[in-house]
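Enquirer: 3D, please:
(2 chains)
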2 protein chains.
Amino acid sequence: DFPTLKEWVAIESDSVQPVPRFRQELFRMMAVAADTLQRLGAHVTSVDMGSQQLPDGQSLPIPPVILAELGNDPTKGTVCFYGHLDVQPADQGNGWLTDPYVLTEVDGKLYGRGATDNKGPVLAWINAVSAFRALEQDLPVNIKFIIEGMEEAGSVALEELVEKEKNRFFSGVDYIVISDNLWISQRKPAITYGTRGNSYFMVEVKCRDQDFHSGTFGGILHEPMADLVALLGSLVDSSGHILVPGIYDEVAPLTEEEINTYKAIHLDLEEYRNSSRVEKFLFDTKEEILMHLWRYPSLSIHGIEGAFDEPGAKTVIPGQVIGKFSIRLVPHMNVSVVEKQVTRHLEDVFSKRNSSNKMVVSMTLGLHPWIANINDTQYLAAKRAIRTVFGTEPDMIRDGSTIPIAKMFQEIVHKSVVLIPLGAVDDGEHSQNEKINRWNYIEGTKLFAAFFLEMAQLH
Amino acid sequence: DFPTLKEWVAIESDSVQPVPRFRQELFRMMAVAADTLQRLGAHVTSVDMGSQQLPDGQSLPIPPVILAELGNDPTKGTVCFYGHLDVQPADQGNGWLTDPYVLTEVDGKLYGRGATDNKGPVLAWINAVSAFRALEQDLPVNIKFIIEGMEEAGSVALEELVEKEKNRFFSGVDYIVISDNLWISQRKPAITYGTRGNSYFMVEVKCRDQDFHSGTFGGILHEPMADLVALLGSLVDSSGHILVPGIYDEVAPLTEEEINTYKAIHLDLEEYRNSSRVEKFLFDTKEEILMHLWRYPSLSIHGIEGAFDEPGAKTVIPGQVIGKFSIRLVPHMNVSVVEKQVTRHLEDVFSKRNSSNKMVVSMTLGLHPWIANINDTQYLAAKRAIRTVFGTEPDMIRDGSTIPIAKMFQEIVHKSVVLIPLGAVDDGEHSQNEKINRWNYIEGTKLFAAFFLEMAQLH
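Expert: So this is what the prediction gives:
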């Protein structure tokens, strides 16, 4: 059963742990995949990605990125599939019930590291192509592949490659398909048409670069922690509403049509609450929950650097502290506008305190939100394919997290991007006992084949 | 020059680093001191303090506490001197300009670990006694010594010993003298008559025992960090005023007489600001600064456990966080009243947030403030002795920190306690290049001798 998936899962292509052994496995993984694509008849290039300097000074080679092309008929549309073959670390001792690198079927579930993230979906796409080959049918679309081996490590050097290939490899591409997230249900397929962005802020408050003793100085200082706690406390109220002036100005207005997409989604709130182990959410209805995860911004305070953070008691007045928080951005918020609004707000709050400390605000990361036009050809094709294979409408979903590659392809290549997940909500990406259901893997392969046919008809 | 101080400083009696080598040095130190006192004619007992279990399971012996008695004349007052002969760690490589364990005189300053904290002052007291012996004069007072070797490590097991000896060794004691802090000036002697207490609080806010990802959950949670930041932000305003209702109710009213003691103190604010490397204090006058360090409570926020505290960016929503802060207590604040006020205040703020998280407040440490009656016989004696030796009135000072031994003696032995520091403000206790000035050491010896004579007259 599933010999190729078994073979691929057996390769310990962990990109997170920067050690030579795993890098060797990554190179082996990319070579095996290149070989598979070649045998399929694709024109395959393995792009040398050079090497990577680690913070400790060590240098490690980056596994090649595979660029492959199958078919070049100018009368057909060209779909480019993005996938990755590296995986998160997996340690059999640490909660895995089976060997993470031995694909093991139990009750229709195929357990193994990378089974759902992302080796299974990559193979489903390849299997769909193979099906046409096996039936000696022409492919309804031209197919390109971009397959990398460093996604879990932040897609090292991928953006530079996409930029470089923009007018060559990507010039003929009409659509980009990614299949690297999950449904929000056990049985109902989904199409993902948007992700939130993220702006990450650090606010530093400094009195001096050395700590004080609270006995010797407590009572006469503008304490940096008191300033910082006031700054962080000015950001969001107890209902989750962000207090930065103007922050909601550019949030896309809610339409009736959009509300209907949330209503159509099946989400068992009770089960969701239980599996999250959360006593009570900020909102009581499915629609509000989904909207606040997907279409409204959120602000989270992550922590403080420089203060006392260990167990026990220490009577220190930290001399210099850095508060960290981020805002998840939604259409049509703009990263640089948000940066200005947050900075102005914090400066305003700080100036009212008349503190003699120095405050510095910096945005260390700014990722734009991504949203697609769900009336694009390939969205319609994907919906029809889902109806054909699953006999149901898909959940039209977004992702509250940022999927940087989706936004990257849209920004650099300027082509329509769609996320067509294959895995069920409980697949456990990044966790112990990652799996893909046998049913999802097989129906997913059918879905991709049906998608090719729909694309040909709609193009 | 100063052969005994040189010999004592040469013993590496570090009680902070729990390693056998330093413990051996501590035992040697206590044996040398016991021998010195015996040669002075004192009746000396070295009390076996047993051993100490460290968190790592290791067991280390505790150096003995020396109890010594010199004179037993019921017509005289009995003064008990407390001192310690253990020291903070010192590492020559780490900023020391001389070998920390070789007493080295440069420009009238005697550099060496323990020179001012506390070997020098202990020897000054012993030297004062020796002077009477050398002159073949009767001691004007009966003298007792309690000398320990674990002060820098928290006076391990000392309280139990004092409790046990309350009705034996301490029964005849009238006054207790400690000389273990510093003047607040370079040249003007001081008497310390009070210390602040401390109540240390932890406030835990918990959603669940696991963190969340801000992409997946940001927007729908009562985030523990938002609750905690609001709680911590409700404690103190930007002028340092504590916002806990009732907290100032029991603070002793300020009298004209007390204000005059602050006015009499010489403190160069500009120099203090520069040496503290603080741009601006909360207050502009010497009197306000001193009062807010000594006679008003202060609240410091120390940090947060459980949040993201490392360099860099992490998009985590901490699931469970513990905020830590403490209030320095002043007469006549009561530890358990403060505990109730703080707890009630935090519960009040938290309940208004309607958060579904759990909050737990606990006071993990409660040390009462200490204040002496500065019209006690020994205070008057110390003042007169200072006038005699230094030709000036002393600065009447307090300590913003807690000196647990002062409070301990007062609470267990119920006798008048006075702190008569000998060292100058820049002696650098606990720092690199600790020193005692040759002048302070010699005049300090004279001061103690004069103090004995004054005690005899005033008793």
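
Enquirer: Which secondary structure element is home to A:Met291?
Expert: helix A:286-294 (DSSP states H and E).

Enquirer: by how many degrees do the helix or strand following that helix and strand B:298-305 diverge?
Expert: Using DSSP H and E, the next helix or strand after helix A:286-294 towards the C-terminus is strand A:298-305. Between strand A:298-305 and strand B:298-305, the angle comes out at 110 degrees (axes from the mean of the first three to the mean of the last three Cα atoms, to 10 degrees).

Enquirer: just the CA coordinates of strand A:298-305, formatted as CSV?
Expert: C-alpha atoms of strand A:298-305 as CSV (Å, rounded to 0.1, in the frame of the first residue of the first chain):
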residue,chain,number,x,y,z
SER,A,298,-6.1,40.8,16.6
LEU,A,299,-3.4,42.0,19.0
SER,A,300,-1.4,39.6,21.2
ILE,A,301,1.2,40.5,23.8
HIS,A,302,3.9,37.9,23.7
GLY,A,303,6.2,38.8,26.5
ILE,A,304,8.9,40.9,27.9
GLU,A,305,12.7,40.6,27.5
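
Enquirer: if you look at that strand, does any of it touch chain B?
Expert: Yes. Counting by Cβ under 8 Å from any Cβ of the partner chain, contacts between strand A:298-305 and chain B involve A:Ser298, A:Leu299, A:Ser300, A:Ile301, A:His302, A:Gly303, A:Ile304, A:Glu305. The C-beta positions use only the backbone N, C-alpha and C, and glycine is treated the same way.

Enquirer: which strands and helices sit next to the helix holding A:Met291?
Expert: Packed against helix A:286-294 by the contact rule (3 or more Cβ pairs under 8 Å, 6 or more residues apart in numbering or on different chains; DSSP states H and E) you find helix A:256-264, helix A:269-276, strand A:395-399.

Enquirer: deepest of those, which one?
Expert: Stretch with highest mean neighbour count among the helices and strands packed on helix A:286-294: strand A:395-399 (a mean of 22; mean count of other Cβ atoms under 10 Å in any protein chain shown).

Enquirer: which bits of the stretch 51-200 of chain A sit near chain B?
Expert: Residues of the stretch 51-200 of chain A lying near chain B (Cβ under 8 Å from any Cβ): A:Arg196, A:Asn198, A:Tyr200.

Enquirer: which of these tops the neighbour count?
Expert: A:Arg196 (31 neighbours; other Cβ atoms under 10 Å in any protein chain shown).

Enquirer: Leaving out chain neighbours, which residue sits closest to that residue?
Expert: Nearest residue to A:Arg196, sequence neighbours excluded (Cβ to Cβ, 6 or more residues apart in numbering or on different chains): A:Arg328, at 4.2 Å.

Enquirer: do A:Gly95 as well
Expert: That would be A:Gln432: by Cβ to Cβ, 6+ apart, it lies 3.7 Å from A:Gly95.

Enquirer: And the one you found, how far from A:Asp86?
Expert: With the distance defined as Cβ to Cβ, to the nearest Å, A:Gln432 ends up 18 Å from A:Asp86.

Enquirer: So these two - more neighbours on which side?
Expert: Each of A:Gln432 and A:Asp86 has its neighbours counted (other Cβ under 10 Å); A:Asp86 has more, 26 against 15.

Enquirer: and the more buried one, what does it touch?
Expert: A:Ser13, A:Asp14, A:Ser15, A:Leu26, A:Met29, A:Pro63, A:Glu148, A:Gly149, A:Met150, A:Glu151, A:Glu152, A:Ala153 (Cβ atoms under 8 Å, 6 or more residues apart in numbering or on different chains).

Enquirer: so how far is A:Ile386 from the residue nearest to A:Tyr379 when sequence neighbours are not counted?
Expert: Computed as Cβ to Cβ, 6+ apart, the closest residue to A:Tyr379 that is not its neighbour in sequence is A:Val418, at 6.0 Å. Look at A:Val418 and A:Ile386: by Cβ to Cβ, they are 12 Å apart.

Enquirer: The residue nearest to A:Gly423 when sequence neighbours are not counted: what's it in contact with?
Expert: Nearest non-adjacent residue to A:Gly423, counting by Cβ to Cβ, 6+ apart: A:Thr116, 3.9 Å away. Going by Cβ under 8 Å, 6+ apart, A:Thr116 touches A:Leu182, A:Leu422, A:Gly423, A:Asp427, A:Gly428, A:Glu429, A:Glu434, A:Lys435, A:Ile436, A:Asn440.

Enquirer: Repeat that for A:Lys358.
Expert: So A:Lys358 contacts A:Glu204, A:Val205, A:Lys206 (Cβ under 8 Å, 6+ apart).
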